[in-house]
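give me a model of this one.
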Amino acid sequence: MYGLSRKLDMGFDDVLARTRDALQSQGFGVLTEIDVKATLKKKLDTEFRKYIILGACNPPLAHRTLSAELEIGLLLPCNVIVYENDDGGTTVSAVDPFTMVTVVNNRDLNAIAEEADERLRKAIEAI
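Model (predicted):
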């Protein structure tokens, strides 16, 4: 498993708004937003479910991470996805910070990944 996930019996728009609020409450801002459905429609003229990728960043954690491992920027920001399920519910998932740092052989990142994991778990649980 490379993500922290939660399925909710709530509509997509409500979960997306709650996700933004929950991330903010844990110190994450949304730097990027990709509307996968709109992009696939525009580029390929194909239909897809509602699916948003949020590029979330906690500036203090990002600073500590980049200070410990400059190339880790290739794995930032922390992606959080929100998508509509076939049953009408919605799933929200965040990248597992521990999985990300296993790519890099730098023990200094473990404590940072632990804090990021805790904050992302709290955000997802709060939705």
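
CA atoms for contacts and neighbours, from now on please.
Will do.

how about the contacts made by the closest residue to residue 58 other than its chain neighbours?
Closest residue in space to residue 58, ignoring its immediate chain neighbours: residue 28 at 4.3 Å, by Cα to Cα, 6 or more residues apart in numbering. For residue 28, the contact set (Cα atoms under 8 Å, 6 or more residues apart in numbering) comprises 56, 57, 58, 59.

isn't the third one right up against residue 31?
No: contact between residue 58 and residue 31 fails when scored by Cα atoms under 8 Å: they sit 9.9 Å apart.

what are the contacting residues of stretch 117-124?
Stretch 117-124 has contacts (Cα under 8 Å, 6+ apart) with 4-6, 19, 22-23, 25-26, 92-94, 96-98.

buried residues in it?
Neighbour-count burial for stretch 117-124, with 16 or more other Cα atoms under 10 Å as criterion, is recorded at 117, 119, 120, 121, 123, 124.

same deal with stretch 93-101?
93, 94, 95, 96, 97, 98, 100, 101.

which one of these is nearest residue 75?
Residue 75 has its nearest neighbour among the buried residues of stretch 93-101 in residue 100, at 6.9 Å by Cα to Cα.

the nearest residue to the closest one once chain neighbours are set aside and residue 23, how far apart?
In this structure, residue 100 finds its nearest non-sequential neighbour in residue 75, 6.9 Å apart by Cα to Cα, 6+ apart. For residue 75, the distance to residue 23 (Cα to Cα, to the nearest Å) stands at 18 Å.

which of the two has more residues huddled nearby?
A direct count of neighbours by other Cα atoms under 10 Å for residue 75 and residue 23 places residue 23 higher, at 24 against 12.

contact partners for the more buried one?
29, 56, 120, 123.

and those residues, which of them are in strands?
Residues of the contacts of residue 23 located in strands (DSSP state E): 29, 56.

okay then, goodbye and thanks.
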